[in-house]
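Enquirer: 3D, please:
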Amino acid sequence: MSFLEERKALTREKRLMSLSHFNGNLEGLIDETSGTEIKQRIRTFTQIHRDETIAAFDVLSKIEDAFIIINGAIGCGSLGLAVDDDKSFNWIATDLNERDTILGGDDKLREAVERAYEEHHPKVIFIIGTPVVAINNDDINSVILELEDELGVSIISIYTDGFKSKTPVTGYDIVTHSLLKYVVKKEVTDRDDFINIISFSEGLQDVVEISKIFKALNIKFQVIPRFSSIEEIKKASLARASVVLNPEEGEYLAKELEEVFGVPYISSEAPIGFRGTKNFILKLANFLRIEDDAIAYIDEIENELTANFNNDLLTDKKIFVDAPLSKIPALTRYITNLGGEVVGFGSPFVDLENRKQLKRLDFLKNSVSTIIGNGQLFEKANEISKDQVDIFVTDFEGYEDLGHEGVVIVNLRKQTSYGFAGVDKLSKAFTKAIRVLENDKKIQKESIYKPSWKKRSGNWYVKQEVS
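Expert: The predicted structure follows:
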């Protein structure tokens, strides 16, 4: 049964038993997530982190022809301020005050919608929910029904609460649910000759690199929903097939397009490293029956890259990798192939679907430190001090403070990591990191955490949930 029959998307906890609190080792995590159910844990202390509202805003802000209204208190407007350097999208906040939270903020929402339409004439207006609106239960649907007829523009509510899920990618699911129900074309007569490239969190550089692969193989494509237009999202149901750059973020959209609209989903791992990129290309080529062209392309690029590839680049270096679980196998394999020792990894969550990635880590030691949690810098700082980590690789923003723990940070958000170009760029990033380790005498800086805290066990604040 399609999830579109639900009024709104279920949280990852309800749909896939998502676990976002764990601190131990790889063997323990595999054991804890291997049953028909995943036991939940709680943190008795947690640091600030992303939530599903931020995730939803992030992807919606990269859609052309759209306008975003943040329906919440004035502090919620910081969502827009955080990415306000990007002038390609428009947004406003309703700035609900104490009176509005008690008596209702319908009037302010109505005024915001009218202003958005009059000043910008977008093709779609998205209304993002926030904790305040989720608590006071404003009748957003009445405002939508009234103004859609009056203004003649699509107005879509994004049902993010900000507190019901500990898994930020729930925000991507909520956006997916709304786009499929209210934007994507329902009538499908003939297929078009293009592939949907589904991207939710990837930076522009990574999307460009994947686009180059499609162009080199003469494959027509469109990228959705990130960096797309409303018209492109509408056509998603007409595609020849879909591929996903990060399965744990975009698989929900790909599977629903397949089940509801009959668009085949070409499943593969994230296109990272030699193996991941080749697997991605060959799965696509097999579906399109262009294997010979794909193999010739792969051989040519691979020969160029391997000529100057240093397999001993990371010898004697200890590395901690923090990324979505769907990327961990490819990243850690790449590091291992460069001679590095992966002493630990962190990911935001594990659920019934992405736990299959743990089986692909059989080349790592069972004792490898494993932290599952959204953010939680203090736990990672604890692990860095105990394992004497040299390089901290992260796919997330906001980890600059870990530089005070004496590690060099390689931030994947600031460079290309996808495709064959990513193989080369990552190698250069590690070369630079090693140079810093060897030459920068200031690398050992004062930790922002007290020594007494770091003497504790890393799982001090992670407890078994009592039902």
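Enquirer: My read is that E64 contacts S228, right?
Expert: Yes. When contacts are counted by Cβ atoms under 8 Å, E64 is listed as touching S228 (6.9 Å). C-betas here are computed from N, CA, C, even on glycine.
Enquirer: So between these two, which is more surrounded?
Expert: Comparing E64 with S228 by other Cβ atoms under 10 Å, the one with more neighbours is S228, at 24 against 15.
Enquirer: excluding its backbone neighbours, what's nearest that one?
Expert: I63 (6.1 Å; Cβ to Cβ, 6 or more residues apart in numbering).
Enquirer: My guess is that neighbour contacts E232. True?
Expert: No. I63 lies out of contact with E232 (Cβ under 8 Å); the separation is 9.1 Å.
Enquirer: And the two? Which one has more around it.
Expert: Using other Cβ under 10 Å, the more surrounded residue of I63 and E232 is I63, with 27 against 18.
Enquirer: Bridged to V410, which residues?
Expert: V393 (DSSP bridges).
Enquirer: quick one: the residue positioned nearest the centre of the chain from F57, how far?
Expert: Nearest to the geometric centre of the chain sits S201, at 4.4 Å (Cα atoms, centre = their mean). Shown here: S201 relative to F57, a distance of 12 Å by Cβ to Cβ, to the nearest Å.
Enquirer: do the same with D293
Expert: 40 Å.
Enquirer: So which of these two has more stuff around it?
Expert: Neighbours were counted for D293 and for F57 using other Cβ under 10 Å; F57 has more, 24 against 15.
Enquirer: in a strand, that's where I301 is, yeah?
Expert: No. Counting by DSSP: H, G, I helix; E, B strand; the rest coil, one finds I301 to be helix, located in no strand.
Enquirer: State the helix or strand in which I125 lies.
Expert: Here I125, judged by DSSP states H and E, is contained in strand 124-128.
Enquirer: List the neighbouring strands of that strand plus their orientation.
Expert: Strand pairing for strand 124-128, using DSSP bridges, gives strand 66-70 (parallel), strand 154-158 (parallel).
Enquirer: In the next helix or strand after it, which residues are buried?
Expert: For strand 124-128, the succeeding helix or strand toward the C-terminus, using DSSP H and E, is helix 131-136. By neighbour count on 16 or more other Cβ atoms under 10 Å, the buried set for helix 131-136 is 131-134.
Enquirer: now stretch 371-391
Expert: Buried residues in stretch 371-391 (16+ other Cβ under 10 Å): 371-385, 387, 389-391.
Enquirer: List the residues that contact the closest residue to G344 other than its chain neighbours.
Expert: Using Cβ to Cβ, 6+ apart and skipping residues adjacent in sequence, the residue nearest G344 is S369, 3.3 Å away. Listed by Cβ atoms under 8 Å, 6 or more residues apart in numbering, the contact partners of S369 are 24-25, 320, 343-345, 383, 386-387, 458.
Enquirer: Now, the residues you listed that are in helices?
Expert: When DSSP state H defines the helices, the subset of the contacts of S369 inside them is 383, 386-387.
Enquirer: export those to CSV and tack on pLDDT and distance to N246?
Expert: What follows is those, written out as CSV (pLDDT from 0 to 100; distance: Cβ to Cβ, whole Å):
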residue, pLDDT, distance to N246
E383, 87, 24
K386, 83, 30
D387, 81, 27
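Enquirer: I301: which of the residues you listed is nearest?
Expert: Proximity of the ones in helices among the contacts of S369 to I301 (Cβ to Cβ) peaks at D387, which lies at 35.1 Å.
Enquirer: Need the pLDDT of F309.
Expert: F309 is assigned a predicted lDDT (pLDDT) of 79.
Enquirer: list the contacts for it?
Expert: F309 makes contact with 423, 427 under the criterion Cβ under 8 Å, 6+ apart.
Enquirer: Phi first, then psi, for it.
Expert: Dihedral angles of F309 (phi, psi; degrees, to the nearest 10) stand at phi -80, psi 130.
Enquirer: Any figure for the gap between it and F274?
Expert: In this view, F309 and F274 are 9 Å apart by Cβ to Cβ.
Enquirer: what touches both of those two?
Expert: Looking at what touches both F309 and F274 (by Cβ under 8 Å, 6+ apart), the common residues are V423.
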